[in-house]
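Participant: what's the 3D shape of this:
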Amino acid sequence: MSSILADVELQIHTCICYPSIKEFLTQLEEMEPRRFWVKKFLGPLTSMGVRTLDNMEIVSPESLVVLHRLCPLMVMDFYIHVIKGLDESHSASFLAGEKGCCCISY
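Facilitator: So this is what the prediction gives:
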């Protein structure tokens with residue numbers, strides 16, 4: 001196994017609405033169109049039970065590489081974007097002054 005893969009600890013807050021994984025990947029693809037984020041990651045992630053960005057806590061970088069044969073560098077780059085996306089969701093929630101659970105839907 002590649003040594004580039006690292007354990008990733010994600011900060012998830014149960015009372016924040018996170019974007020769907022499809023919305024998140026679509027935004028990434030708009031920023032980096034030649035990376036084909038949706039094509040490469042949507043199928044593998046949804047098959048592993050990921051529906052929203054916070055569900056990424058159930059998937060490890062290693063599982064994406066081993067089970068779906070994704071490039072380790074691409075997977076770790078994706079996780080950098082996931083961490084940034086989670087931080088942005090947390091900041092937006094804080095700025096909006098959300099209290100309590102805002103939604104639970106898929």
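Participant: Test my guess that residue 35 contacts residue 25.
Facilitator: No - using Cβ atoms under 8 Å, residue 35 makes no contact with residue 25, being 9.9 Å away. Yep, even glycine has a C-beta here, placed from its N, CA and C like the rest.
Participant: and the helix or strand where residue 78 lies, how far out from the chain's middle?
Facilitator: Per DSSP states H and E, residue 78 falls inside helix 72-96. How far helix 72-96 lies from its chain's middle: 7 Å, per Cα atoms, centre = their mean, to the nearest Å.
Participant: Also stretch 15-31?
Facilitator: 8 Å.
Participant: okay, it in PDB with CA atoms only?
Facilitator: Extracted as PDB, the C-alpha positions of stretch 15-31 are listed here (Å, rounded to 0.1, in the frame of the first residue of the first chain):
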ATOM      1  CA  CYS A  15     -26.500  19.900  14.000                       C
ATOM      2  CA  ILE A  16     -25.100  21.300  10.800                       C
ATOM      3  CA  CYS A  17     -26.600  20.800   7.300                       C
ATOM      4  CA  TYR A  18     -23.900  19.600   5.000                       C
ATOM      5  CA  PRO A  19     -24.100  19.600   1.300                       C
ATOM      6  CA  SER A  20     -24.900  16.400  -0.600                       C
ATOM      7  CA  ILE A  21     -21.800  14.600  -1.900                       C
ATOM      8  CA  LYS A  22     -23.100  15.200  -5.400                       C
ATOM      9  CA  GLU A  23     -23.300  19.000  -4.800                       C
ATOM     10  CA  PHE A  24     -19.900  19.000  -3.200                       C
ATOM     11  CA  LEU A  25     -18.300  17.100  -6.100                       C
ATOM     12  CA  THR A  26     -20.100  19.300  -8.700                       C
ATOM     13  CA  GLN A  27     -18.600  22.400  -7.000                       C
ATOM     14  CA  LEU A  28     -15.200  20.800  -7.000                       C
ATOM     15  CA  GLU A  29     -15.500  20.100 -10.700                       C
ATOM     16  CA  GLU A  30     -16.600  23.700 -11.400                       C
ATOM     17  CA  MET A  31     -13.300  24.800  -9.700                       C
END
